[in-house]
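*Asks:* Below is the sequence, then the predicted model.
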Amino acid sequence: FRVADYHTYFIAPRDLAFDVWVHNTYADARKLRANLVARGRVAQEGDHAAHLVPTGSFSNRAATVQSAVADAQGVLARRGIDLNSHRNGFFSDLKNHYGTHRDNFLLDLGKRLQRADSADDSVRSVLREIKQLRSDVLSGQYL
């Protein structure tokens, strides 16, 4: 398994003499980008539309990471925040975008959103926490 770039991968069993190139879909990223632009956000050249709470299950990760992702997705669903909403996204260079795919970020994401979701003003608390998570990612905290 080798990563060529953010959305393309080379995979093959160890005993196979060649790799197979696979490509992720951009459907959710396109929806997120459109929603960010509709809200006046501007992407710099080379920026990607990045989700804070991912749309996928991260099924290739440890059970604790998968659970954290599911918990975060559940918080957004309970609070009526679509995964492709501008509230769940940001424009970023590839380096900071990668930070949102690391286990330490995903585990922290689940904990922080669950904590915010349990507050008395949970919708506001969740939105505040999303804003803080975005700031933390863009500052490079998860690299």
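*Replies:* The structure has been received and is ready for your questions.
*Asks:* Tell me where the protein has helices.
*Replies:* For the chain, applying DSSP state H gives helices covering 27-38, 63-78, 94-99, 103-117, 122-138.
*Asks:* Residue 133: neighbour count?
*Replies:* A count of nearby residues for residue 133, using other CB atoms under 10 Å, gives 24. (Each C-beta comes from the backbone N, C-alpha and C, glycine too.)
*Asks:* Skip the chain neighbours and tell me the closest residue to it.
*Replies:* residue 52 (5.4 Å; CB to CB, 6 or more residues apart in numbering).
*Asks:* Just list the residues touching the one you found, thanks.
*Replies:* If you count contacts by CB atoms under 8 Å, 6 or more residues apart in numbering, residue 52 has them with 88-90, 100, 109, 130, 133-134, 137.
*Asks:* which secondary element of this structure has the worst mean pLDDT?
*Replies:* strand 2-5 (a mean of 45; mean pLDDT, DSSP states H and E).
*Asks:* Quick check: residue 35 vs residue 82, distance?
*Replies:* 8 Å (CB to CB, to the nearest Å).
*Asks:* Low-confidence bits of this structure, can you list those?
*Replies:* Under the criterion pLDDT under 70, the flagged ranges of the chain are 1-25.
*Asks:* TSV please, covering the helices of the chain and showing distance to residue 48.
*Replies:* What follows is the helices of the chain, written out as TSV (distance: least, CB to CB, whole Å):
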stretch	distance to residue 48
helix 27-38	7
helix 63-78	19
helix 94-99	5
helix 103-117	15
helix 122-138	12
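*Asks:* Perfect, I'm done here.
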